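**Q** take a look and give me a structure for this.
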Amino acid sequence: MSVDPMAYEAQFFGFTPQTCMLRVYIAFQDYLFEMMLVVEGVILKKLDGIPGCNISPSQIRKCTEKFLLFLKEHFDKLFGKMEEMLLQLVLNIPKNVLLPEDRVHEQYPYSKEEFQALQEELQQLQQRCRAEVGAGQALRAELQEQKAVRAELEKILQWFDGLESICREHGTGNFKESFAFLTQNSKKLQDVLKDVEKKSKRMKQHEQLL
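**A** Predicted structure coming up:
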């Protein structure tokens, strides 16, 4: 069998020429074996009709195997010549023939160096696209954070508006005065809370003593 991969022929035929020749070889070989079995059967029938014949079936099988080996050796030689002829003259695509699907290579020829340069440029473009996608995702995340911060700021503004209206109800229209008023009240509440905590601790200590 030929060691040439014949990839271009495989592209055209849909199978490698070596595979085709192997199948033909196996088919011929199977037919040869079947033919020898038929011949052996005919010989056995003929010998059964001859009176006083002392040839056993095992002897006939040995003779058949020797003859089969002889035929196979000659068949392999003939098949080798036939394979060489078919691979060169029938299953071979000449080097000057271009398949229709490869015409684009003829119209736009590229050398190995140019093709490698195109591949490198393609990789750079892919990296840029990935970087752009990453930057876009980062911008979207930042916009979401800005929306959340804006929502919190709006809540704070609403709280200040509500605080200002409450202060006006209590007679403090100026925001600074209102803030000072709230600060004083907050301190008073803290003092009351501390006083409650002290009394609570004293009560717990008193209960423990009892």
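
**Q** how much space between the residue nearest the centre of the chain and residue 120?
**A** Using C-alpha atoms, centre = their mean, the residue of the chain that lies closest to the mean C-alpha position is residue 126, 17.5 Å off. For residue 126, the distance to residue 120 (C-beta to C-beta, to the nearest Å) stands at 11 Å. (C-beta placed from N, C-alpha, C; glycine too.)

**Q** in terms of pLDDT, where does residue 62 sit?
**A** Per-residue confidence for residue 62 comes out at a pLDDT of 90.

**Q** and if you look at residue 66?
**A** pLDDT, residue 66: 91.

**Q** what's the local residue count around it?
**A** When neighbours are counted by other C-beta atoms under 10 Å, residue 66 registers 10.

**Q** in which helix or strand does it reside?
**A** Element membership for residue 66 (DSSP states H and E) is helix 57-89.

**Q** skipping adjacent residues, who's closest to residue 71 in space?
**A** Nearest-residue entry for residue 71: residue 32, 6.3 Å, with adjacent residues in sequence omitted and distances by C-beta to C-beta, 6 or more residues apart in numbering.

**Q** buried ones in the helix or strand containing the one you found?
**A** In the assignment (DSSP H and E), residue 32 maps to helix 17-48. Of the residues in helix 17-48, those scored as buried under the neighbour-count criterion (16 or more other C-beta atoms under 10 Å) are 17, 18, 20, 21, 25, 36, 40.

**Q** and the gap between the second one and residue 123?
**A** Relative to residue 123, residue 18 is positioned 37 Å away (criterion: C-beta to C-beta).

**Q** which of the helices or strands spans the residue nearest to the centre of the chain?
**A** Using DSSP H and E, the element containing residue 126 is helix 112-169.

**Q** for the residue nearest to residue 71, what are its contacts?
**A** Residue 32 is in contact with 68, 71, 72, 75, counting by C-beta atoms under 8 Å, 6 or more residues apart in numbering.

**Q** just the buried ones among those residues, please.
**A** Buried members of the contacts of residue 32, counted by 16+ other C-beta under 10 Å: 68, 75.

**Q** and which of the contacts of residue 32 is nearest residue 191?
**A** Nearest to residue 191 among the contacts of residue 32, counting by C-beta to C-beta, is residue 72 at 115.5 Å.

**Q** quick one: that closest one and residue 28 touch, right?
**A** No. Residue 72 lies out of contact with residue 28 (C-beta atoms under 8 Å); the separation is 10.1 Å.

**Q** between the buried residues of helix 17-48, which sits nearest residue 96?
**A** Of all the buried residues of helix 17-48, the one with the least separation from residue 96 (C-beta to C-beta) is residue 17, at 18.6 Å.

**Q** spatially nearest residue to that closest one, not counting backbone neighbours?
**A** Ranked by C-beta to C-beta, 6+ apart and with sequence neighbours excluded, the top spatial neighbour of residue 17 is residue 91, at 3.8 Å.

**Q** need the three-state assignment for the one you found.
**A** Assigned state for residue 91: coil (three-state reduction, DSSP: H, G, I helix; E, B strand; the rest coil).

**Q** nothing else from me, thank you.
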